[in-house]
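>>> Predicted structure and sequence below. I'll ask about it afterward.
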Amino acid sequence: MTITITAFAASPDRGRGLARDFRVRWALEEAGLPYEVQLLSFEALKQPDYLAQQPFGQIPAYREDGLILFESGAIVLHIAERHPGLLPADPAARARAISWLFAALNTVEPPIVERSMALMLEGDRPWAAERMAMLDANVAKCLVQLARHLGDAEWLDGGFSAADLMMVTVLCRLGASELLAAYPALTAYVARGEARPAYQRAFAAQLAVFEASQKAG
Ligand SMILES: N[C@@H](CCC(=O)N[C@@H](CS)C(=O)NCC(=O)O)C(=O)O
């Protein structure tokens, strides 16, 4: 089986593990699957041959022999369902882990991304402070419930799963913000994810691409 994923040739996240190929790399590392990476420019993402793989012209896409997938969540779930270590064997626990995987993507990620975009693009607008207060509150609403659910458990539901992988990548988008720091249990949860050897390998691989792009100019 040959697996190829797509990633940015020069990632705007500067190799900090935020671009969404990272979560796929991490899942592949957890599953012990070797993979190749096709590096693409922003321009190449919008070309018809790539749109045939990823209809929105984004990274990541995933190719596994004849199969082509897109959407990082669907790709991580595909890997997790076929390889041990990312989903529990018990059907009920497996279904709960998948709920949390969707929660990371559909409930927690959107307000975090909306806030990041506002910080990046709207900080100089006259209404920025008022809007930021609302966006912070939306994120905090998720974090308070997530921290309540996690309590002093290590992972979201029993052992580490694809749900934790996804949730940690989503929370990482908050960086060192005070929003996350207000919840020591969540900060420790993210640190546990980041300490996993598979995370470290995925991070180093993504960073190496960015560093090479800088050297190449
Ligand atoms: N929902 C998609 C989002 C993919 C996505 O937003 N990718 C970004 C990088 S993290 C991208 O390719 N942006 C370039 C663009 O939209 O032109 C997924 O999870 O795979």
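Alright, I've got the coordinates. Keep in mind it's a predicted model, so treat the numbers as computed, not measured.
>>> rest of the way, CA atoms for contacts and neighbours
Will do.
>>> mind listing what residue 64 touches?
Residue 64 makes contacts with 1, 2, 3, 4, as judged by CA atoms under 8 Å, 6 or more residues apart in numbering.
>>> Most neighbours among those residues, which one?
Neighbours here mean other CA atoms under 10 Å. Within the contacts of residue 64, the largest count is held by residue 4, at 18 neighbours.
>>> Surely residue 156 is in contact with residue 162?
No - under the criterion of CA atoms under 8 Å, residue 156 lies out of contact with residue 162, with a separation of 10.2 Å.
>>> overlap in contacts of these two?
Taking CA under 8 Å, 6+ apart as the contact criterion, the residues that touch both residue 156 and residue 162 are residue 97.
>>> For these two, indicate the residue with more neighbours.
Just comparing residue 156 and residue 162: by other CA under 10 Å the higher neighbour count belongs to residue 162, 27 against 21.
>>> show me where this protein has helices.
Shown for the chain, the helices assigned by DSSP state H span residues 21-31, 42-45, 48-51, 72-82, 91-102, 109-121, 128-150, 162-172, 178-181, 184-194, 197-216.
>>> how close does residue 139 get to the ligand?
According to CA to the nearest ligand atom, to the nearest Å, residue 139 and the ligand sit 18 Å apart.
>>> Which residue lies nearest the spatial centre of this structure?
Averaging the C-alpha coordinates of the chain gives a centre point, and the residue nearest to it by CA atoms, centre = their mean is residue 169 (3.9 Å).
>>> Would you mind measuring from it to residue 82?
Taking CA to CA, to the nearest Å as the measure, residue 169 falls 21 Å from residue 82.
>>> Can you pull the phi/psi pair for the residue located most distally from the centre of the chain?
What lies farthest from the middle of the chain is residue 126; by CA atoms, centre = their mean that is 31.8 Å. Geometry field for residue 126 lists phi and psi as phi -60, psi -30, criterion degrees, to the nearest 10.
>>> need the helices of the chain in a markdown table with distance to residue 59 and mean pLDDT, can you?
Rendered in a markdown table, the data for the helices of the chain read as follows (distance: least, CA to CA, whole Å; pLDDT from 0 to 100):
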| stretch | distance to residue 59 | mean pLDDT |
| --- | --- | --- |
| helix 21-31 | 6 | 98 |
| helix 42-45 | 8 | 97 |
| helix 48-51 | 10 | 98 |
| helix 72-82 | 8 | 98 |
| helix 91-102 | 19 | 98 |
| helix 109-121 | 16 | 95 |
| helix 128-150 | 25 | 96 |
| helix 162-172 | 15 | 98 |
| helix 178-181 | 26 | 94 |
| helix 184-194 | 22 | 97 |
| helix 197-216 | 13 | 94 |
